[in-house]
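Asker: Sequence plus the predicted model coming up.
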Amino acid sequence: MIDEASGLDFPIFQRQLYDLFGDPEDGSVEADYIRIIDLGDFKADFPHMLDYEGNPWDFRVYGNYVLKDPLRRAFQNLLVSGCAAELKSFDGCFNVRRMKGSGSLSVHSWGLAVDFNAAENPFGGPVRFSDEFIKCFADAGFEPGALWSKPDGMHFQLCWLRDWTLPQYDGELKPIPWVA
């Protein structure tokens, strides 16, 4: 599927990030692709949302501009599905850093990943989002970290590690046994 705003053919894969966006460590990614994404029109629907410090969230994401439409779709999906109350905190997007336990750069380094409810969904810990919540992001084009062998329940990234549309995945989100 071609995204009209970016011209990218989705899904994009993690292995393509350097070719598509460059090296985050040289500052070019931030200069060329990172923008403020205003989600303020959702504020009335998510009045309970906090930022990572526990303050009311301002509904602004500092991330890659290609996140704008998929993130808006995910929020709309949460409203339609009745899962809006599960979203409690926005815990970050753009951050040039290495992945935990790896020398590779995190997808956050390209501003293509968002974290929500980090305190309740620690890396490697139980995933406390419902399957329906996770599906809201998957249906908007995000790969949920909850699907990984070592789950990262807070993490939703716009680039994929694997092609979830292949026949072995039936294009559907499978039941997630580790959801607490």
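Answerer: Yep, it's here.

Asker: mind listing the helices in the protein by residue range?
Answerer: Counting by DSSP state H, the chain has these helices, from start to end: 17-21, 28-33, 68-81, 131-139.

Asker: Show me the shaky parts of the protein.
Answerer: For the chain, applying pLDDT under 70 flags the ranges 1-3, 162-180.

Asker: Next up, the contacts around the residue nearest the centre of it.
Answerer: With distances taken as Cα atoms, centre = their mean, F156 lies nearest the centre of the chain, 2.7 Å away. Residues in contact with F156 (Cβ atoms under 8 Å, 6 or more residues apart in numbering) are 74, 113-116, 137, 142-145. The way it works is simple: take the backbone N, C-alpha and C, and place the C-beta from them, glycine included.

Asker: If it is in a bridge, with which residues?
Answerer: Per DSSP bridges, the residues bridged to F156 are V114, P144.

Asker: so how far is G54 from it?
Answerer: The spacing between F156 and G54, counted by Cβ to Cβ, to the nearest Å, is 21 Å.

Asker: Name the member of the contacts of F156 with the most neighbours.
Answerer: If you count neighbours using other Cβ atoms under 10 Å, the busiest of these is F137, which has 28 neighbours.

Asker: quick one on the thing from earlier: can you say which of the helices of the chain is nearest to G40?
Answerer: Nearest to G40, of all the helices of the chain, is helix 68-81, at 11.3 Å by Cβ to Cβ.
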